[in-house]
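In: just a sequence and a predicted model for now, questions to come.
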Amino acid sequence: MTTTTNQPLQALLDELNRRTTETQLGGGPKKIEDQHRKGKLTARERIDYLTDSGKPFVEVGLFAGDGMYTEHGGCPSGGVVTGIGYVSGRQCVIVANDATVKAGAWFPITAKKNLRAQEIAMENHLPIIYLVDSAGVYLPLQDEVFADKEHFGRTFRNNAMLSSMGILQVAAIMGSCVAGGAYLPIMSDEALIVEGTGSIFLAGPYLVKASIGEDVDAETLGGATTHTEISGVTDNKYPDDKSCLDAIKRIFDKLGHRETAGFDRGEPALPTKNPDDIYQLLPVDRVKPYDMLEIIHRLVDRSEFDAYKPDYGQSLLCGYARIDGWAVGVVANQRKVVKAKGRTGQPTEMQMGGVIYGDAADKAARFIMNCNQKRVPLVFLQDVTGFMVGSRAEQGGIIKDGAKMVNAMANSVVPKFTVVVGNSYGAGNYAMCGKAYDPRLIVSWPTAQMAVMSGSSAAKTLLQIQVATMKAKGQPLTPEQEQALLQKITDQYNAQLSPYYAAARLWVDAVIDPLATRQVLSEGIAAANHAPITRPFNVGVIQT
């Protein structure tokens, strides 16, 4: 890590590195040894062997489940490794069950993460590979993973949808594949199985014995020989993990090519301004001003940014640039103090502070429309506290302007990508393409905070409610009790502001080092380029 990093940010980066290392161990060294003892690779080793050397693998959902299910022993990374990588030169989505975590059983967050991976494959028309090694639904939490629309069964609905869309699915059964989970590989286009370790059946030997009284071993019931020579359920069998993964490489080596979306890509170039400067430019303190334009200059090719209406609506920066060669339209919150005239025509000094003013929302709506007209992907850099409030803002039509921006962004047909740089509060999260608005990828920096409002504002509001409630009951609090309650509320709320809290619940796909941003965005746009735009851009009714 660079030695010029400011100390508070260095601490956040150190925490990111520590958490990453710990989470990548899955169920821990002993469980990894157990996998090796059985002659099996771990999920991450399988992905490392399968993917092309020297090509990036953008992991999605590393911190899924972080801090959750502690009463059940935890579920690191949701018990499954997912991401976008390259196999035989072809970009694809990979889903690999991690058998070191509860034998790869499906927790609620596992289902959500698998569905996110399938969503990425569908949105971007990317082939998907399933490396199956799972004991099925985690029964103690079956009521949270089984029957609802976004639960386990949605996976198989997506299998069918992907197949109907002509998106290749290849499944390798490399361990257990039990009960309803057995449908996932068999609803794929190709199903491979590893001898000795791979097995697939609707009911295992114990359940078969209990249900119909039959004594049968796992291999006879659903092993590689049974399903390749007798049932025909799987297509071919392989002696070990590597042989099976080699077969997948050969399948991908022969894939045909399809029409692309045609997003423009020039010759990639590095920023001329040192990206390491971001560590100094970005304050850890979420209320300090800074110039977001300087951050942009360290993310885009040659540090070139063609601003759109730079002197109007200055609380948002809009403009065109390239990232690793890809043409993009950038919408970013400005945080510095500027002198502007605004709609009244009167000069005034304004601290942007991540607030979206009416003129900025109006500007952004028009810019977003232009990017759709030109077929230019959109990148949102979030550090937003919300829209401007107060009588002056309301009389100026802030709701109308904000709605116009949300409408244009929500109806965009070009792919959208979101980077949460700092704050992501309230309706600002929505307008700047939060998770609810289908960004193809959404990632955060370690400095990110995501909530309805800031910790201090929320804590004071909640305190006022509780103080009023106690007073109404005839139990007024002393100043000391109020202070203690404020501290308790603040600590609880601040814990929920953490980017890891958001990542654990898949509100963001990843928490990344700022210096990884260019590569993540580049791979995301490359993935999106596989999916041609088939519908026209139309915003419907907009208040003007």
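Out: Arrived safely. Computed from a predicted model, the values in this text were never measured in an experiment. Numbering: from 1, shown residues only.

In: do a quick rundown of the strands in the stretch 51-200 of the chain.
Out: With DSSP state E, counting those that start in this stretch as the criterion, the stretch 51-200 of the chain has strands at 58-60, 80-87, 90-97, 128-134, 169-177, 190-194.

In: where are the low-confidence patches of this protein?
Out: Within the chain, the ranges that satisfy pLDDT under 70 run 1-7, 180, 338-352, 453-456, 458.

In: care to break it down by domain?
Out: Here the domain parsing of the chain from the TED database is 39-253, 275-448+508-530, 452-497.

In: in a markdown table, list the strands of the stretch 51-200 of the chain along with mean neighbour count.
Out: Glycine gets a C-beta too; all of them are placed from N, C-alpha and C. Output for these, formatted as a markdown table (neighbours: other C-beta atoms under 10 Å):
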| stretch | mean neighbour count |
| --- | --- |
| strand 58-60 | 23 |
| strand 80-87 | 24 |
| strand 90-97 | 25 |
| strand 128-134 | 28 |
| strand 169-177 | 27 |
| strand 190-194 | 25 |
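
In: let's have those strands in JSON lines, adding distance to residue 321.
Out: Formatted as JSON lines, these follow (distance: least, C-beta to C-beta, whole Å):
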{"stretch": "strand 58-60", "distance to residue 321": "20"}
{"stretch": "strand 80-87", "distance to residue 321": "22"}
{"stretch": "strand 90-97", "distance to residue 321": "23"}
{"stretch": "strand 128-134", "distance to residue 321": "31"}
{"stretch": "strand 169-177", "distance to residue 321": "36"}
{"stretch": "strand 190-194", "distance to residue 321": "41"}
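
In: nearest to residue 360, out of those strands?
Out: Comparing the strands of the stretch 51-200 of the chain by their distance to residue 360 (C-beta to C-beta), the top pick is strand 58-60, with 31.0 Å.

In: which among the strands of the stretch 51-200 of the chain is found nearest to residue 336?
Out: strand 58-60 (31.1 Å).

In: direction included, what does that closest one pair against?
Out: For strand 58-60, the paired strands and their directions (DSSP bridges) read strand 80-87 (antiparallel).

In: what angle do strand 128-134 and the partner strand make with each other?
Out: 140 degrees (axes from the mean of the first three to the mean of the last three C-alpha atoms, to 10 degrees).

In: if we can go back for a sec, and the strands of the stretch 51-200 of the chain: which comes nearest residue 469?
Out: With C-beta to C-beta, the closest approach to residue 469 among the strands of the stretch 51-200 of the chain belongs to strand 58-60: 42.3 Å.

In: now render the domains of the chain as JSON lines, adding distance to residue 260.
Out: Shown next, in JSON lines, are the domains of the chain (distance: least, C-beta to C-beta, whole Å):
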{"stretch": "domain 39-253", "distance to residue 260": "9"}
{"stretch": "domain 275-448+508-530", "distance to residue 260": "5"}
{"stretch": "domain 452-497", "distance to residue 260": "39"}
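
In: for residue 268, which of the ones you listed is the nearest?
Out: Across these, closest to residue 268 is domain 275-448+508-530 (C-beta to C-beta), at 3.8 Å.

In: distance between that closest one and the chain's centre?
Out: Domain 275-448+508-530 sits 18 Å away from the centroid of its parent chain (C-alpha atoms, centre = their mean, to the nearest Å).

In: same check, this time on stretch 120-139
Out: Mean-position distance between stretch 120-139 and its chain equals 15 Å (C-alpha atoms, centre = their mean).

In: and it, end to end?
Out: End-to-end distance of stretch 120-139: 28 Å, with C-alpha to C-alpha, to the nearest Å as the criterion.

In: repeat that for stretch 71-90.
Out: 41 Å.

In: and that stretch, how far out from the chain's middle?
Out: The chain centre lies 12 Å from the centre of stretch 71-90; the measure is C-alpha atoms, centre = their mean.
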